[in-house]
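**Student:** The sequence and its predicted three-dimensional model are supplied below.
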Amino acid sequence: DSGVTQTPKHLITATGQRVTLRCSPRSGDLSVYWYQQSLDQGLQFLIQYYNGEERAKGNILERFSAQQFPDLHSELNLSSLELGDSALYFCASNGGQGRSEQFFGPGTRLTVL
Amino acid sequence: GESVGLHLPTLSVQEGDNSIINCAYSNSASDYFIWYKQESGKGPQFIIDIRSNMDKRQGQRVTVLLNKTVKHLSLQIAATQPGDSAVYFCAESPHNTDKLIFGTGTRLQVFP
């Protein structure tokens, strides 16, 4: 158990819909990272937040957005969903002070029908 | 948590043998490297990391080698066990960023 929690575990929805994925980092971690894992793209970095502020952005679509709240939990919002958005979405966290291992949560499996 | 499935290279080893998983990274500006293990249905799990000022680092039963000249990273697992069966990912982090850029992964299968 990494100490990172993600909800829900599974999500099935239809094209055009909007969903919110939630992540609680390890206790004390200030940085949260979101990654997408799909069959044809592997693990792709989406976005990083540090202590409530966006720190780095990767291959995140404009239809996707994220935020980190004062209690440090984070949400990833996916809108106007397409079939190709079906993937595993992982959240990871670390202290955020310098490079160190990122602790991954169990992921949310999103299926868009 | 199945990772990239259809085109994953696979390494098959016998229990007790040593395993070597290789990875080529792309960015000369990367100065932090890390190996993760992903078992089915789970998120990636940290194995070992190495910074660019080193060329070798050892952990428990694992060794990471870094060759910056040819941008190559390898993970050696000693006395491979059935519990080592998983998909292994290398990842690089460019200088001045915290993000990880993952490789495509290698599936390790351990047979008795």
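**Tutor:** Cool, the structure landed. Numbers count the residues shown, from 1 in each chain, chains lettered A, B, ... in the order given.

**Student:** Which residue comes closest to the residue nearest to the spatial centre of chain A once chain neighbours are left out?
**Tutor:** Nearest to the mean C-alpha position of chain A, by Cα atoms, centre = their mean, lies A:W34 at 3.3 Å. Excluding its sequence neighbours, the residue lying closest to A:W34 (Cβ to Cβ, 6 or more residues apart in numbering or on different chains) is A:L46, at 4.2 Å. All C-beta atoms are positioned from the backbone trio N, CA, C, and that covers glycine.

**Student:** Distance from stretch A:101-111 to the middle of the chain?
**Tutor:** Relative to the chain's own centre, stretch A:101-111 is displaced by 7 Å; criterion: Cα atoms, centre = their mean, to the nearest Å.

**Student:** For burial, what's the neighbour tally of residue 22?
**Tutor:** Looking at chain A here, since you left the chain open. Neighbour count of A:R22, defined by other Cβ atoms under 10 Å in any protein chain shown: 15.

**Student:** Wait, chain B was what I had in mind.
**Tutor:** B:N22, neighbours per other Cβ under 10 Å, totals 14.

**Student:** And the pLDDT for B:H7?
**Tutor:** According to the prediction, B:H7 has pLDDT 69.

**Student:** picking that back up, now do the helix or strand containing the residue nearest to A:W34: everything it contacts.
**Tutor:** In this assignment (DSSP states H and E), A:L46 forms part of strand A:42-50. Outside strand A:42-50, the residues within contact range by Cβ atoms under 8 Å, 6 or more residues apart in numbering or on different chains are A:30-38, A:54-60, A:64, A:66-68, A:74, A:76, A:90, A:96, B:3-4, B:44, B:89, B:91, B:98-105.
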